[in-house]
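Visitor: what follows is a protein structure lacking sequence information:
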């Protein structure tokens with residue numbers, strides 16, 4: 001096999017065109033086989049095989065910087081830079097599903113969110129200029145989907161301002177992000193894809209006019225002088241050229257020879273150049289090409305021959321939300337949905353099918369989505385903006401200043417909240433309950449099970465004068481966790497024995513961690529430690545009934561699937577201080593650091609967010625209060 005002989009990019013230099021085509025076929029076969037066993041981003045990588053080969057033949061990485069927006073299409077890049085052990089892809093100790101500086105000097109941007117690569121490229125090109133590195137080049141690959149993000153256009157505005165600063169921008173145009181790319185930019189690129197190019201037109205015109213006596217040649221020269229206007233008419237790439245960017249394309253993104261030619265021309269140019277490449281997401285794998293929703297953007301473990309999942313998926317948090325949104329849509333004609341290019345991943349596809357005139361895909365533009373939602377709410381409807389928890393970070397200012405300041409009734413539904421695991425540091429939704437604590441008037445719900453998700457979503461859309469947030473985990477929704485009582489707005493999940501007059505521990509359980517908190521209570525009970533477990537349901541604002549309840553316990557413990565700094569534990573501590581309740585409090589959550597990719601359960605064990613770990617520490621705290629603690633807890637929890 002040719003692939004096994006590729007240890008680095010320069011090994012590509014000695015391959016013939018025929019061998020390069022063979023290598024591309026081998027890479028596709030390798031990807032289908034490997035990713036079907038581990039899961040991962042399959043469709044995007046199948047679409048950039050030839051493009052990645054061409055990039056590494058033209059540019060000299062790592063001296064030249066080859067950058068990938070988002071990075072989920074970097075599997076081919078990994079294969080060509082000496083990383084061909086995909087057996088542990090996206091698992092602890094194995095290859096990351098994104099570029100990783102720890103893995104290779106060829107990787108520059110780690111796990112970045114979409115639409116950022118052009119900002120990185122602009123900075124790197126400026127650094128080359130400042131340091132006089134004329135033999136260093138920067139090539140940035142960005143998809144047509146990521147070009148819908150505002151950051152990309154902010155960067156283009158700066159890049160175009162430097163006419164003599166070399167920078168190659170490769171637009172990987174496959175008409176998709178997760179699903180089909182939509183919006184004005186998508187329409188413009190579609191025009192470029194489907195219109196005969198200027199050069200072809202001009203060549204035919206020249207041949208005809210040169211055969212015309214007397215006026216033929218002068219007329220051709222006049223037309224050639226009117227190149228810009230004619231180009232806009234024949235192939236309207238003028239949007240890019242009006243910015244001051246040299247445009248090359250469209251290029252067949254699966255023709256290595258044509259790609260190399262275009263990239264070489266772009267590399268030699270002394271200013272910023274856009275190379276527009278047309279690719280096919282999922283190319284070479286029939287099940288992916290036939291999957292209209294997202295062309296196998298991301299898959300779990302599948303049968304390589306059929307593309308079908310090996311295991312039947314159980315009900316997920318996302319699916320529960322999806323079904324309830326449809327019910328709400330039938331009941332409430334004022335409810336509309338918003339997605340940022342992730343209709344299927346966040347579960348709004350069913351709502352879109354039922355109410356196609358009440359769904360808005362804003363592209364990869366979370367900031368715009370939030371402000372547009374404020375406008376919708378002001379206009380008299382109730383928008384539900386479903387987005388991954390980690391991606392709401394990008395729209396914080398809009399949530400604060402556009403939605404909250406204006407008291408707009410907008411509901412944000414945060415999917416993949418907490419530790420998500422295998423996608424790595426940038427995809428853990430561990431920031432939302434911290435950053436949203438500072439937003440005045442905002443109300444935040446963390447449902448513990450499917451029933452509570454349905455109920456709290458309905459409660460959220462009833463709020464008309466403030467933003468509301470409903471956040472839940474990735475993956476399978478757990479069993480129902482029934483309440484045994486209610487105090488204020490909080491559900492009581494467990495109470496001590498009736499004869500206990502002052503229980504030892506008040507355990508505040510946040511969201512989907514309720515089953516673990518009940519397990520903690522069981523372990524404490526075995527140590528003779530009495531425990532009350534409550535689920536606040538709405539963790540912001542802190543329920544007024546919590547402080548009086550805490551005052552009747554010896555210790556307060558909070559457990560959350562969120563960063564500890566500024567999270568629910570911090571809010572509870574402040575509420576107790578404000579109420580003059582002076583009891584010891586211990587907050588358990590995610591440490592404030594970036595977490596490497598691994599299974600969720602492995603990460604939870606690594607950071608000590610498990611029932612035995614927490615019970616052991618709480619046992620030690622209670623023992624200390626009892627005067628039974630020296631250097632180690634008097635009791636241990638098995």
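Guide: Yep, that arrived. This is a predicted model, so every value here is computed, not measured.
Visitor: low pLDDT regions in the stretch 501-638 of the chain?
Guide: Per-residue confidence of the stretch 501-638 of the chain (counting by pLDDT under 70) places the weak regions at 628-638.
Visitor: tally up the residues packed near the nearest residue to residue 560 once chain neighbours are set aside, please.
Guide: For residue 560, ignoring the flanking residues on the chain, the nearest one in space by C-beta to C-beta, 6 or more residues apart in numbering is residue 510 at 4.0 Å. All C-beta spots, glycine's among them, are computed from the backbone N, C-alpha and C. The local packing of residue 510 (other C-beta atoms under 10 Å) involves 27 other residues.
Visitor: which parts of stretch 14-21 are buried?
Guide: Counting neighbours by 16 or more other C-beta atoms under 10 Å, one finds that the buried residues in stretch 14-21 are 15, 20-21.
Visitor: show me the contact partners of it.
Guide: 2, 12, 23, 53, 256-257 (C-beta atoms under 8 Å, 6 or more residues apart in numbering).
Visitor: what about 6 Å?
Guide: residue 256 (C-beta atoms under 6 Å, 6 or more residues apart in numbering).
Visitor: and for stretch 379-392?
Guide: The set of residues external to stretch 379-392 that reach it, using C-beta under 6 Å, 6+ apart, is 334-340, 346, 348, 366, 369, 373, 376, 409-417, 427, 429, 432, 461, 471.
Visitor: measure residue 535 to residue 152 for me?
Guide: 41 Å (C-beta to C-beta, to the nearest Å).
Visitor: again with residue 36
Guide: Counting by C-beta to C-beta, the gap between residue 36 and residue 152 amounts to 32 Å.
Visitor: now do the helices in the stretch 101-250 of the chain.
Guide: Using DSSP state H, counting those that start in this stretch, the helices assigned to the stretch 101-250 of the chain run over residues 117-130, 150-161, 184-194, 198-209, 216-225, 227-234, 238-242.
Visitor: out of the helices and strands in the protein, which is least certain?
Guide: Lowest mean confidence among the helices and strands of the chain (mean pLDDT, DSSP states H and E): helix 227-234, at a mean of 39.
Visitor: and residue 103, how many neighbours?
Guide: By other C-beta under 10 Å, neighbour count at residue 103 equals 16.
Visitor: which strands or helices does the longest strand along the chain pack on?
Guide: As far as residue count goes, and with DSSP state E defining each element, the longest strand of the chain is strand 555-563. The elements that strand 555-563 packs onto, with contact taken as 3 or more C-beta pairs under 6 Å, 6 or more residues apart in numbering; DSSP states H and E, are strand 505-509, helix 568-578, strand 585-590.
Visitor: what's the most buried one of these?
Guide: Mean neighbour count (mean count of other C-beta atoms under 10 Å) peaks for strand 505-509 among the helices and strands packed on strand 555-563, with a mean of 26.
Visitor: tell me the helix or strand right after that one.
Guide: Later in the chain than strand 505-509, the nearest helix or strand by DSSP states H and E is helix 514-526.
Visitor: report the distance from that following helix to the chain centre.
Guide: Counting by C-alpha atoms, centre = their mean, to the nearest Å, helix 514-526 is centred 33 Å from the centre of its parent chain.
Visitor: residues touching that helix, excluding its own?
Guide: Contacts for helix 514-526 (C-beta under 6 Å, 6+ apart): 448, 478, 481, 494, 507, 509, 531, 533, 535, 559, 611, 614-615, 637.
Visitor: just the residues you listed now: which is nearest residue 455?
Guide: Of all the contacts of helix 514-526, residue 448 has the smallest distance to residue 455: 10.7 Å, by C-beta to C-beta.
Visitor: the closest one against residue 480, yeah?
Guide: No: contact criterion C-beta atoms under 6 Å: residue 448 and residue 480 do not qualify, at 8.9 Å.
Visitor: between the two, what contacts are shared?
Guide: In the contact map built from C-beta under 6 Å, 6+ apart, no residue is linked to both residue 448 and residue 480.
Visitor: more crowded one of these two?
Guide: Looking at residue 448 and residue 480 with other C-beta under 10 Å, you find the greater number of neighbours at residue 448, namely 26 against 11.
Visitor: so, low pLDDT: which residues of this protein?
Guide: Those would be 112, 176-239, 628-638, if you go by pLDDT under 70 across the chain.
Visitor: buried ones in the longest helix belonging to it?
Guide: For the chain, the helix with the greatest residue count under DSSP state H is helix 17-38. Counting neighbours by 16+ other C-beta under 10 Å, one finds that the buried residues in helix 17-38 are 20-21, 23-24, 26-28, 30-32, 34-36, 38.
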